[in-house]
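Peer 1: Below: sequence and its predicted model.
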Amino acid sequence: MTDALRTNQAAIATHHPLGTEAARQMLRAGGNAADAAVAAMTTLCVVVPGSVALGGYGGCLIAYDAATGRTSALDFDTRAPIEYRDELFATDTKAKCSIGYLSIGVPAVIAGLAAMLRDLGTKSWKEASLFATELADSGFEVDQHNRTVLEQWHKSADALSRRAHFPESKGEIPHVGEPWLQKDLAKFLRRLGDEGPDAFYTGEIAQTIIRQVRAHGGILSLEDLATYRARDVEPLRIDYRGHTIVTPPPPSGGLVALQILKTLEHFDLASLDPYSAPYLHLVAETCKACWVDRAKVGDPDFITLNYEDFLAPSLASSRAAAIRRQDIRSGVEARIDDFPHTCNVSIVDKDGNVVSLTATQGAQFGSGVVVEGLGLVLGHGMSRFEYNKPGHPNSPAPSKRPMHNMCPMLIFKDDKPIAAVGMPGGTRIPTVTAQLAISLIDFAATPEQCVHATRVHSEGPEPLIVSKTIEPQIARELESLGHTLTYGDHALGVPLMVGGPANVIRINEDGTPSAASTAAVNAAAVVPGADDKQQR
């Protein structure tokens with residue numbers, strides 16, 4: 001039993017204040033961390049459907065059950081349709097796998113959230129999705145972010161999807177400050193509440209989805225939906241400076257994050273000035289060295305993966321030696337996503353249960369397709385495969401899962417959870433998640449310091465991507481070490497950070513939790529128990 005039990009406090013960090021409010025209400029209604037995570041994520045599916053949606057392609061989670069002491073991982077990655085054939089994507093490959101009906105793999109978000117409730121939660125789907133349902137029905141005010149991403153989607157969406165997303169306004173987007181009502185989505189959520197989430201994968205709802213997809217050239221089938229299952233999988237674990245770090249296995253991106261940490265364990269990071277040029281240089285070179293292995297990984301159902309080889313001490317030692325020789329200047333071509341996407345929810349409840357859950361559409365609004373009558377935005381899981389590369393571990397095949405970057409993470413000390421970490425950000429997720437863990441362990445940073453610290457990302461060749469907030473002197477020092485720099489991410493202009501808004505919860509030495517999110521101050525909260533009414 002953890003010290004967190006005796007504090008009678010919970011903590012929440014999400015991508016959006018309304019997601020946090022949904023989780024807060026669920027905790028106060030007696031739900032646990034898993035219930036609250038589902039409440040938050042279903043709400044995010046309503047308020048930021050470009051980033052994650054109930055028709056999104058999938059995700060993964062890592063969770064700690066305080067009653068049993070078990071740490072589990074859940075994989076709910078999409079699968080390629082059974083009818084996949086190479087010739088369908090032989091021409092105009094990027095367009096076909098990125099936008100429209102051929103880009104749709106099996107929608108897996110609902111299966112993942114339902115499995116989480118079944119295995120870890122205490123509430124029904126109807127109870128856990130109530131906040132999201134009421135929000136879709138009553139609407140919420142469109143802000144500039146909503147308007148901007150919706151405008152981008154509107155340009156490429158087909159006329160049917162535009163009408164299906166905004167039936168009340170005949171396909172036109174509400175203006176900033178106007179309410180966004182999603183009545184069809186609310187009806188869909190109520191139906192799942194009445195019939196159970198499995199109703200998404202069989203029966204009339206499934207038929208409605210497949211009818212529209214196949215009428216417009218897609219290959220998703222009723223069999224794809226009926227046979228899909230989220231899967232309990234064995235987490236990956238490493239020791240890092242006396243801490244145990246746990247994350248889901250491939251097809252997630254967690255393996256790369258763990259490789260980065262095991263390589264950097266050969267350097268005395270705590271002796272360096274936090275986020276200084278020497279530190280950022282070491283992180284960047286390590287990211288380059290480890291990212292090479294990314295091209296060797298695919299769906300474990302289709303290829304043999306020996307994780308011990310990827311995490312072998314000898315491999316980490318040889319990479320550290322190469323960095324010391326200044327021998328790391330290669331890597332792979334960077335694959336930078338153009339628009340922000342993906343959401344993470346991290347929660348610690350008053351009983352010491354801990355969850356970090358990440359789910360996604362793919363890129364912003366995924367396939368761009370919205371199902372008429374359901375208000376359901378569908379993800380584009382087919383975009384995550386490597387095409388026209390025969391024999392590549394991540395090449396597409398019928399019923400195969402694509403590799404993705406999501407890697408929610410838990411950190412333990414002396415067999416007790418001390419932190420939950422997660423974030424969106426495409427290919428930056430594994431590299432920045434490793435840096436969040438370093439901030440917590442090597443620099444003893446607070447959650448607030450972690451989520452706002454200077455970040456760096458590299459997949460191989462220069463330039464490095466660094467936070468726009470980096471001090472000019474540190475930038476000049478990095479350049480003197482041979483680096484070329486570019487500042488901030490290339491998504492919706494140039495935001496300050498590398499990668500998306502990070503969520504960090506830390507369970508302090510006295511057992512009290514603290515939380516922070518880059519997204520907004522009110523996207524993280526500590527929820528007091530009955531004998532502690534003072535919020536922090």
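Peer 2: All right, it came through fine.
Peer 1: which residues does the most centrally placed residue in the chain contact?
Peer 2: In the chain, the C-alpha nearest the mean C-alpha coordinate belongs to residue 358, at 3.5 Å (C-alpha atoms, centre = their mean). Residue 358 sits next to 59-61, 342-345, 406-408, 422-424, 429 when contact means C-beta atoms under 8 Å, 6 or more residues apart in numbering. To be clear about C-beta, it is placed using only N, CA and C from the backbone, and glycine gets the same treatment.
Peer 1: got it, and residue 63?
Peer 2: Contacts of residue 63 (C-beta under 8 Å, 6+ apart): 33-34, 71-74, 116, 120, 353-357, 410.
Peer 1: Buried among these? Need that as a selection in PyMOL.
Peer 2: Applying 16 or more other C-beta atoms under 10 Å to the contacts of residue 63, the buried members can be selected in PyMOL as follows:
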select buried, resi 33+34+71+72+73+74+116+120+353+354+355+356+357+410
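Peer 1: rewinding a little: tell me which helix or strand the residue nearest to the centre of the chain sits in.
Peer 2: If you go by DSSP states H and E, residue 358 is part of strand 354-360.
Peer 1: May I have the strands that pair with that strand, each with its orientation?
Peer 2: Taking DSSP bridges as the criterion, strand 354-360 forms sheet pairs with strand 58-65 (antiparallel), strand 343-348 (antiparallel).
Peer 1: Same list (these) but as TSV, adding mean pLDDT.
Peer 2: Shown next, in TSV, are the strands paired with strand 354-360 (pLDDT from 0 to 100):
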stretch	mean pLDDT
strand 58-65	98
strand 343-348	97
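Peer 1: need these in CSV with distance to residue 87, can you?
Peer 2: Formatted as CSV, the strands paired with strand 354-360 follow (distance: least, C-beta to C-beta, whole Å):
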stretch, distance to residue 87
strand 58-65, 26
strand 343-348, 35
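Peer 1: Among the ones you listed, show me which one is buried the most.
Peer 2: strand 343-348 (a mean of 34; mean count of other C-beta atoms under 10 Å).
Peer 1: From the chain's centre, how far out is that one? Work that out for me.
Peer 2: 10 Å (C-alpha atoms, centre = their mean, to the nearest Å).
Peer 1: Could you export that strand as CSV, CA atoms only?
Peer 2: Taking C-alpha atoms only, strand 343-348 is exported to CSV below (Å, rounded to 0.1, in the frame of the first residue of the first chain):
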residue,chain,number,x,y,z
CYS,A,343,-3.9,13.8,-25.9
ASN,A,344,-2.6,12.4,-22.6
VAL,A,345,-4.4,12.1,-19.3
SER,A,346,-2.4,11.3,-16.1
ILE,A,347,-4.1,10.7,-12.8
VAL,A,348,-3.3,9.6,-9.3
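Peer 1: how many neighbours does the residue lying closest to residue 202 once chain neighbours are set aside have?
Peer 2: Nearest residue to residue 202, sequence neighbours excluded (C-beta to C-beta, 6 or more residues apart in numbering): residue 226, at 5.4 Å. Residues contacting residue 226 under the criterion other C-beta atoms under 10 Å number 12.
Peer 1: Is residue 226 in contact with residue 200, as I believe?
Peer 2: No: applying C-beta atoms under 8 Å as the test, residue 226 and residue 200 come out as separate, 10.6 Å apart.
Peer 1: Now the common contact residues for the two.
Peer 2: Taking C-beta under 8 Å, 6+ apart as the contact rule, residue 226 and residue 200 both touch residue 206.
Peer 1: Kindly confirm my reading that residue 525 is in a strand.
Peer 2: Yes: under DSSP: H, G, I helix; E, B strand; the rest coil, residue 525 sits within a strand.
Peer 1: who does it bridge with?
Peer 2: Beta-bridge partners of residue 525, as defined by DSSP bridges: residue 12.
Peer 1: Relative to residue 346, how far out is it?
Peer 2: Separation of residue 525 from residue 346 (C-beta to C-beta, to the nearest Å): 12 Å.
Peer 1: Low-confidence stretches in the stretch 1-150 of the chain?
Peer 2: By pLDDT under 70, the weakly predicted segments of the stretch 1-150 of the chain are 1-8.
Peer 1: Repeat that for the chain.
Peer 2: 1-8, 327-340, 490-495, 529-536.
Peer 1: Would you map out the domains in it?
Peer 2: 12-230+346-384, 233-335+407-528 (automatic domain parsing).
Peer 1: distance between the ends of the last one?
Peer 2: The one in question is domain 233-335+407-528. 33 Å (C-alpha to C-alpha, to the nearest Å).
Peer 1: Just to check, residue 449 is in contact with residue 439?
Peer 2: Yes: counting by C-beta under 8 Å, residue 449 touches residue 439, with 6.7 Å between them.
Peer 1: Compare the two (neighbour count), which wins?
Peer 2: Ranked by neighbour count (other C-beta under 10 Å), residue 449 and residue 439 place residue 439 first, with 25 against 16.
Peer 1: For the more buried one, list the residues it contacts.
Peer 2: For residue 439, counting by C-beta under 8 Å, 6+ apart, the contacting residues are 274, 445, 449, 450, 453.
Peer 1: Could you pull up the residues touching the nearest residue to the first one once chain neighbours are set aside?
Peer 2: Of all residues not flanking residue 274 in the chain, residue 443 sits nearest, at 4.5 Å (C-beta to C-beta, 6+ apart). Contacts for residue 443 (C-beta under 8 Å, 6+ apart) come out as 269, 270, 274, 449.
Peer 1: Counting neighbours, which of those end up buried?
Peer 2: Buried, going by 16+ other C-beta under 10 Å: 269, 274, 449, out of the contacts of residue 443.
Peer 1: need the residues you listed in TSV with distance to residue 504 and secondary structure, can you?
Peer 2: TSV is the format used below for the buried ones among the contacts of residue 443 (distance: C-beta to C-beta, whole Å; DSSP: H, G, I helix; E, B strand; the rest coil):
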residue	distance to residue 504	secondary structure
269	18	helix
274	15	coil
449	9	helix
